[in-house]
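*Asks:* My questions are about this predicted structure, shown below with the sequence.
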Amino acid sequence: AETLEGALAKAYAGSPTVNAQRANQRGVDENVPRALSGARPRVTGTADVGASFTEGSSAGRSSSTLTAPRGFGVEVSQSIYNGNRTGNGVRQAESQILAAREQVRTTVQNVLFDAVSAYMNVLRDTAILNLQQNNVEVLDEQLRQVRDRFQVGEITRTDVAQSEARLAASRSQASLSESNLRASIARFRQVVGVQPRQLAPGRPVDRLVPANLDTAIRISLSENPAIGAAQHAFDAAELQVKVVEGELLPSLGVVGSASQRYDSQTSGDQRFNAQVVARLSVPIYEGGEVYARVRQAKEVAGQRRIEVEIARDQVRASVIAAWGTLEASKAQILAAQAQVAAAETALTGVREEARVGQRTTLDVLNSQQELLNARVNLITAQRDRVVASYAVVQATGRLSAEHLNLQSGRYDPKVHYDQVKGLWYGTQTPSGD
């Protein structure tokens, strides 16, 4: 049988949503070598060839010259100081990478929770469909008995009509339950990646649920990836201010070049030239564009700071809501179990009383419907109990393959980062694409 943990492992390893977010994170990793390029030399090679025709006269004599000027050269430029834009840019890129990793964690949590919901929905809808189909069989047999009693004059045509109406309604509910199950199976296939086959009962993940609400809130404020992503985005925005401010500072660099020329003046001449130049650039006024971008970057940083507080408030609210749902689901299970037991007793009594004429057919039908509703409520409460426990774990930030101990290969984002952070050249990704 397929287990809930096995379904979660499949979703973790094969979810296109997770893999797409991981690919995005690998793309963000390339921001570090891009930023580091500001401290590395830039080398440019040149080559040219052409034709030149010159015609002139002197002392009554005319002359013409045809040459083929050509040459090649190389230029190397090295930045020495650029207002610390390179250093701040590298730190900004690292903050962006950390934010992207937190976004991957958020996506993984969402996918795992969706897998839990899909798994439990299939179990719930399968059980409800079985109940509805069994109810159809019971009502069909009861209608047969009611018709037999009507034939001998024990009951009226009204009792037969009531039984027929209740049977038709139960068949409608069975069809609706079958439709709901098909939708849940399709959702399971979308999230997990396989068709559900013989699903084992799902169990709540109580071992990861904190002991109390205060502990859950404290854990969520330190471990929820939504807060981490917002904090790193704020760090990146502050560093962007420093990067732009660096454009207002002087920059110093060295340029070295060497070139070889042929036929530059006359046919057959050769010239070699080499030089090294230190260049200091001091910005004086650039029309106010850089100043505007500095102010703009500061406003964006202010926005990111506020978004950190928004993320904290949202996480706190989600923890409280999930905790309340979990507590309510526990109470609902106890109430539903008591309701089922009472409804079973009541149905047995009503059937016995109906046999001796103290109850009507409608009383029996209503009692059967109450028992069916109670059993459906119990199934739904049991499903909600499992899903709510995972919702609390998700809100705390611990709904991960590591905490769940899923039997699936772990994805380590640091591996790709270490592979590309020091690359000086190359167009192939570490995967070979």
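*Replies:* Thanks, I have it.
*Asks:* Centre of the chain to stretch 267-281, how far?
*Replies:* Remark: stretch 267-281 is offset 55 Å from the chain centroid, using C-alpha atoms, centre = their mean, to the nearest Å.
*Asks:* Repeat that for stretch 198-209.
*Replies:* Here the centre of stretch 198-209 is set off from its chain's centre by 23 Å, with C-alpha atoms, centre = their mean.
*Asks:* Show me what counts as buried in it.
*Replies:* Buried residues in stretch 198-209, counted by 16 or more other C-beta atoms under 10 Å: 199, 202, 204-205, 208-209. C-betas here are computed from N, CA, C, even on glycine.
*Asks:* Pull up the gap between the residue positioned nearest the centre of the chain and V32, please.
*Replies:* Centroid-nearest residue in the chain, with C-alpha atoms, centre = their mean: T107, separated by 2.2 Å. For T107, the distance to V32 (C-beta to C-beta, to the nearest Å) stands at 22 Å.
*Asks:* Phi and psi next, for Y411.
*Replies:* Dihedral pair for Y411: phi -100, psi 120, per degrees, to the nearest 10.
*Asks:* Who are the contact partners of it?
*Replies:* By C-beta atoms under 8 Å, 6 or more residues apart in numbering, the contact set of Y411 is R22.
*Asks:* repeat for A68
*Replies:* A68 is in contact with 49-52, 262-263, counting by C-beta under 8 Å, 6+ apart.
*Asks:* Report the two of the residues you listed separated the most.
*Replies:* Across the contacts of A68, the longest distance by C-beta to C-beta is 12.6 Å; it joins A51 and Y262.
*Asks:* quick one, which of those two is more surrounded?
*Replies:* Taking neighbours as other C-beta atoms under 10 Å, A51 and Y262 compare with Y262 leading, 16 against 10.
*Asks:* Is the more buried one in contact with G71, as I believe?
*Replies:* Yes. Assessed by C-beta atoms under 8 Å, Y262 is found in contact with G71 at 6.1 Å.
*Asks:* For the closest residue to K330 other than its chain neighbours, which three-state class applies?
*Replies:* Distance criterion C-beta to C-beta, 6 or more residues apart in numbering; nearest residue to K330, sequence neighbours excluded, is R385 at 6.4 Å. Secondary structure, DSSP: H, G, I helix; E, B strand; the rest coil: R385 is helix.
*Asks:* Just the pLDDT for S259.
*Replies:* pLDDT recorded at S259 is 95.
*Asks:* List the buried residues in the helix or strand in which it is found.
*Replies:* For S259, the host element (DSSP states H and E) is strand 251-262. Buried residues in strand 251-262, defined by neighbour count with 16+ other C-beta under 10 Å: 251, 253, 256-257, 259, 261-262.
*Asks:* name the helices or strands packed onto it?
*Replies:* When contacts are defined as 3 or more C-beta pairs under 8 Å, 6 or more residues apart in numbering; DSSP states H and E, strand 251-262 packs onto strand 70-81, strand 270-281.
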